[in-house]
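1. The sequence and its predicted three-dimensional model are supplied below.
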Amino acid sequence: MRIIAFLVVLLLSGCAMFSQSEEGFLCPKTGFVANASTVISNGAEARIGGFSGECKFEKNMVEISLTLPFNARKVAAEVALKEKKLSYFIAILSPEEDILQRKAFSTKIEFDKDGKGVSVEEHILKIPMINPSEAYRYKVAIGFAKTIDRTNSGKEVK
């Protein structure tokens, strides 16, 4: 229940950056959960640097190709991090904002000599539906999964 309340405060971008496959077909809205596109954890700061992709309607299904770039940097030069594993999620919400699908993923970012790193993740999402004119009513929510920072007295890290 708490996740639903959290997802309700989505900061969604329009679907204009996605291509369309049918006249009158609008892609689901895609965006980030409020305050979940950046995370600071164990000596590193990371952010999801936007998203890109396209969607199409085929055989009673909306298929979304989604590309997520991740950027990270060490927050302190003395931190001896060589790489950082980051947990994130992608959720599909119904027009009523019920969670239809939610999948957890992780990406690994390796730091260069300047303490910076990048990675790119690609995903294919599928939403079953009969009528393509209803696709715009659905939402795709992206964000970092909250974790517990074990080095900071068990405080929640955003």
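-> Noted; the coordinates are in hand.

2. C-alpha only now, for contacts and for neighbours.
-> Will do.

3. give me the element Leu66 is part of.
-> strand 61-74 (DSSP states H and E).

4. and that strand, which residues are buried?
-> Met61, Val62, Glu63, Ile64, Leu66, Thr67, Leu68, Phe70, Asn71, Ala72, Arg73, Lys74 (16 or more other Cα atoms under 10 Å).

5. what's the residue nearest to the second one when sequence neighbours are not counted in contact with, if anything?
-> Using Cα to Cα, 6 or more residues apart in numbering and skipping residues adjacent in sequence, the residue nearest Val62 is Ile127, 5.1 Å away. When contacts are counted by Cα atoms under 8 Å, 6 or more residues apart in numbering, Ile127 touches Met61, Val62, Glu63.

6. The second one bridge partners, please.
-> Which is Val62. Beta-bridge pairing for Val62 (DSSP bridges): Phe57, Ile127.

7. was I right about it contacting Met129?
-> Yes. Using Cα atoms under 8 Å, Val62 is in contact with Met129, at 7.0 Å.

8. Any regions of this protein where pLDDT drops low?
-> 1-24, 77-79, 147-158 (pLDDT under 70).

9. Please enumerate the helices of it.
-> 2-8 (DSSP state H).

10. For Ile48, state which of the buried residues of strand 61-74 is nearest.
-> Phe70 (4.6 Å; Cα to Cα).

11. check contacts around the spatially closest residue to that closest one that is not a sequence neighbour.
-> Spatial nearest neighbour of Phe70, chain neighbours left out: Ile48 (4.6 Å); criterion: Cα to Cα, 6+ apart. Contact analysis of Ile48 by Cα under 8 Å, 6+ apart lists Ser37, Thr38, Leu68, Pro69, Phe70, Asn71, Gly143.

12. Looking at these, spot the one nearest Leu26.
-> Scanning the contacts of Ile48 for proximity to Leu26, where the rule is Cα to Cα, the winner is Leu68, at 20.7 Å.

13. For the closest one, which residues are in contact?
-> Ile48, Gly49, Gly50, Phe51, Ser52, Val120, Glu121, Glu122.

14. Spit out the contact partners of the last one.
-> Remark: with contacts taken as Cα under 8 Å, 6+ apart, Glu122 is in contact with Ser65, Leu66, Thr67, Leu68.

15. circling back to that earlier point, just the closest of the contacts of Ile48 to Gly115, please.
-> Each of the contacts of Ile48 was scored against Gly115 by Cα to Cα, and Asn71 proved nearest at 11.0 Å.
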